[in-house]
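**Student:** Build me a model from this:
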Amino acid sequence: MKIEEVKSTTKTTRVSAHTHIKGLGLNELGVANPIGAGLVGQEKAREACGLVVDLIRSRKMAGRALLLAGAPGTGKTALALGISQELGPKVPFCPMVGSEVFSSEVKKTEILMENFRRAIGLRIRESKEVYEGEVIDLTVEETEDPLGGYGRTISHVVIGLKTSKGTKTLRLDPSIHDALTKENVTVGDVIYIEANSGAVKRVGRSDAFATEFDLEAEEYVPVPKGDVHKKKEVVQDVTLHDLDVANAQPQGGKDVVSMLSALGKPKKTEITDKLRTEINRVVNRYIDQGVAELVPGVLFVDEVHMLDIECFTYLNRSLESTLSPIVVFATNRGVCQIRGTDILAPHGIPVDLLDRMLIVRTMPYSTEEMMQILSIRASVENIEVNEEALDLMGEIGSKTSLRYAVQMLTPARIIGETSGRTKINKQDIIEVDKLFFDGKASARLLAQSEGYMK
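**Tutor:** Next comes the predicted model:
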């Protein structure tokens with residue numbers, strides 16, 4: 001298993017509703033600021049999440065779960081993203097929704113395990129011997145073909161490398177010539193060659209040639225410092241799922257039959273338990289040797305009440321395994337049925353799984369807090385709002401919902417721009433409120449008219 005060939009499978013997500021969240025907004029003592037890092041209010045919940053972040057950093061939270069419970073629009077997803085931002089980009093954060101597990105291609109438990117392993121990071125430190133420098137000489141020595149004929153073969157490659165400290169001439173194997181050709185290495189390029197594998201990497205063009213052309217699509221880099229031959233520590237961050245995928249790919253031939261059989265296979269295949277056990281064994285060996293370090297990340301499962309009894313039973317086992325991330329669940333349900341059974345349970349979660357969780361409750365926002373959140377959202381979306389309009393939106397939000405009030409911003413800006421103004425005023429908000437219905441108003445209309453269909 002070659003670690004350097006492992007490609008990342010991290011999901012690229014852009015949650016526009018929460019782009020303003022930069023952290024949990026806590027001070028040095030772990031006390032929540034009234035407004036901080038894009039979050040407003042929910043002081044107790046933020047402080048509880050701050051403690052969870054400390055537990056994760058001290059590696060004392062693995063195999064446990066956190067449940068964020070509260071009404072819709074009280075900032076559960078925002079808190080989970082705040083935890084992610086506090087932990088930083090080096091700690092894996094894998095968001096998913098409960099309904100994602102219901103796929104026709106693979107088992108529910110397979111999708112859960114895939115996301116579990118996406119949320120467990122592995123930091124691998126490798127010490128490599130490399131030859132690094134600017135190419136000052138590149139000579140290909142040829143000899144007569146030993147098989148006869150008129151052709152000639154490459155016997156060896158002579159390459160001269162220069163750093164700020166000195167120069168060195170290397171005699172390289174003919175196989176490295178292919179790598180040099182593939183990287184389009186020429187005299188004046190800065191390259192490095194790995195001593196153990198012979199891998200060649202072109203870093204860029206030496207900045208000594210920067211004035212050669214007025215316009216060029218080339219990246220110029222300084223001449224490396226130190227000796228040509230040096231030891232370099234390479235740190236690579238991968239997840240266990242990256243390793244699973246890299247080793248699950250078929251290693252078939254490049255003939256027509258292999259390619260056609262690969263095309264006929266389904267796009268999404270299950271990774272076997274046997275392969276995962278083998279990867280776990282290799283990972284544990286790396287950790288014992290001190291080459292790698294395990295980084296338990298965060299798996300965020302939104303709408304956890306959508307999972308069924310099979311998934312909950314599987315979660316009990318997964319949380320107890322040695323390789324387990326920190327799991328953060330979120331739900332807006334009270335006492336409801338556990339999916340797949342007739343049993344009523346708090347939050348639609350079996351009691352034995354609830355026992356393993358730390359539960360954080362999110363409270364509804366006050367009108368003043370809603371106005372602060374609307375003000376932050378307006379500044380993120382570059383929308384100017386006057387005080388009267390902000391007061392009215394806060395009032396509407398307290399009667400309807402925060403989400404509806406936030407959604408009024410963009411239509412109000414369009415109405416304002418149509419009238420030749422850049423700043424939203426009270427009249428624009430009244431106009432938008434007349435044009436659109438919120439969820440509660442729509443429900444009242446349906447209750448009066450007994451639905452649309454007769």
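**Student:** show me where the stretch 351-454 of the chain has strands.
**Tutor:** Under the criterion DSSP state E, counting those that start in this stretch, the stretch 351-454 of the chain carries strands at the ranges 357-362, 384-385, 423-424.
**Student:** Which one of the ones you listed lies nearest to residue 342?
**Tutor:** strand 357-362 (22.9 Å; CB to CB). C-beta coordinates here come from the backbone N, C-alpha and C atoms, glycine included.
**Student:** Give me the buried positions along that closest one.
**Tutor:** If you call a residue buried by 16 or more other CB atoms under 10 Å, then strand 357-362 has these buried ones: 357, 360, 362.
**Student:** With adjacent residues omitted, what lies nearest to the last one?
**Tutor:** Going back to what we said before, that points to residue 362. Using CB to CB, 6 or more residues apart in numbering and skipping residues adjacent in sequence, the residue nearest residue 362 is residue 70, 3.1 Å away.
**Student:** how much space between that neighbour and residue 23?
**Tutor:** In this view, residue 70 and residue 23 are 20 Å apart by CB to CB, to the nearest Å.
**Student:** Residue 326 reaches residue 296, doesn't it?
**Tutor:** Yes - counting by CB atoms under 8 Å, residue 326 sits close enough to residue 296 to count as a contact (6.1 Å).
**Student:** Comparing those two, which residue is more hemmed in?
**Tutor:** Between residue 326 and residue 296, residue 326 has the larger neighbour count (other CB atoms under 10 Å), namely 26 against 19.
**Student:** just the CA coordinates of the lengthiest helix in the chain, formatted as PDB?
**Tutor:** For the chain, the longest helix by residue count, based on DSSP state H, is helix 273-289. What follows is helix 273-289, C-alpha atoms only, in PDB (Å, rounded to 0.1, in the frame of the first residue of the first chain):
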ATOM      1  CA  ASP A 273     -14.900  -6.000   5.900                       C
ATOM      2  CA  LYS A 274     -11.900  -8.200   5.100                       C
ATOM      3  CA  LEU A 275     -10.200  -5.200   3.300                       C
ATOM      4  CA  ARG A 276     -11.000  -2.900   6.100                       C
ATOM      5  CA  THR A 277      -9.600  -5.300   8.700                       C
ATOM      6  CA  GLU A 278      -6.400  -5.600   6.700                       C
ATOM      7  CA  ILE A 279      -6.100  -1.700   6.400                       C
ATOM      8  CA  ASN A 280      -6.700  -1.400  10.200                       C
ATOM      9  CA  ARG A 281      -3.900  -3.900  10.800                       C
ATOM     10  CA  VAL A 282      -1.500  -1.900   8.700                       C
ATOM     11  CA  VAL A 283      -2.600   1.400  10.300                       C
ATOM     12  CA  ASN A 284      -2.100  -0.100  13.800                       C
ATOM     13  CA  ARG A 285       1.400  -1.200  12.800                       C
ATOM     14  CA  TYR A 286       2.200   2.300  11.500                       C
ATOM     15  CA  ILE A 287       0.900   3.800  14.800                       C
ATOM     16  CA  ASP A 288       3.000   1.300  16.900                       C
ATOM     17  CA  GLN A 289       6.100   2.100  14.900                       C
END
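**Student:** Run through who's touching it.
**Tutor:** Applying CB atoms under 8 Å, 6 or more residues apart in numbering, the contact partners of helix 273-289 are 1, 113, 117, 122, 124, 240, 243-244, 247-248, 292-294, 323.
**Student:** In contact with the residue nearest to residue 362: list those residues for me.
**Tutor:** Taking CB under 8 Å, 6+ apart as the test, what residue 70 contacts is 45, 76, 332, 361, 362, 363, 364.
**Student:** From the residues you listed, list just the buried residues.
**Tutor:** The neighbour-count test (16+ other CB under 10 Å) applied to these identifies 45, 76, 332, 362, 364 as buried.
**Student:** what sits against the second one?
**Tutor:** If I follow you right, that is residue 76. For residue 76, the set of contacting residues under the criterion of CB under 8 Å, 6+ apart consists of 68, 69, 70, 302, 330, 332, 362.
**Student:** between these, which is closest to residue 103?
**Tutor:** Within those, the smallest distance to residue 103 is 16.9 Å, found for residue 302 (CB to CB).
**Student:** longest single strand anywhere in this protein?
**Tutor:** The residue-count maximum for a strand in the chain (DSSP state E) belongs to strand 120-144.
**Student:** ok, it: who's next to it in the sheet?
**Tutor:** strand 152-162 (antiparallel), strand 189-194 (antiparallel), strand 229-239 (antiparallel), strand 292-296 (antiparallel) (DSSP bridges).
**Student:** Give me the contact list for the shortest one.
**Tutor:** What it means is strand 292-296. If you take CB under 8 Å, 6+ apart as the criterion, strand 292-296 is touched by 56, 59, 61-62, 90-92, 119-125, 237, 283, 286-287, 323-326.
**Student:** Give me the buried entries from the residues you listed.
**Tutor:** When burial is judged by neighbour count using 16+ other CB under 10 Å, the buried members of the contacts of strand 292-296 are 56, 61-62, 91-92, 119-122, 124, 237, 283, 286, 323-326.
**Student:** Count the neighbours of the residue nearest to residue 377 when sequence neighbours are not counted for me.
**Tutor:** Of all residues beyond its chain neighbours, the one nearest residue 377 is residue 406 (5.4 Å), with distances taken as CB to CB, 6+ apart. For residue 406, the tally of surrounding residues (other CB under 10 Å) stands at 20.
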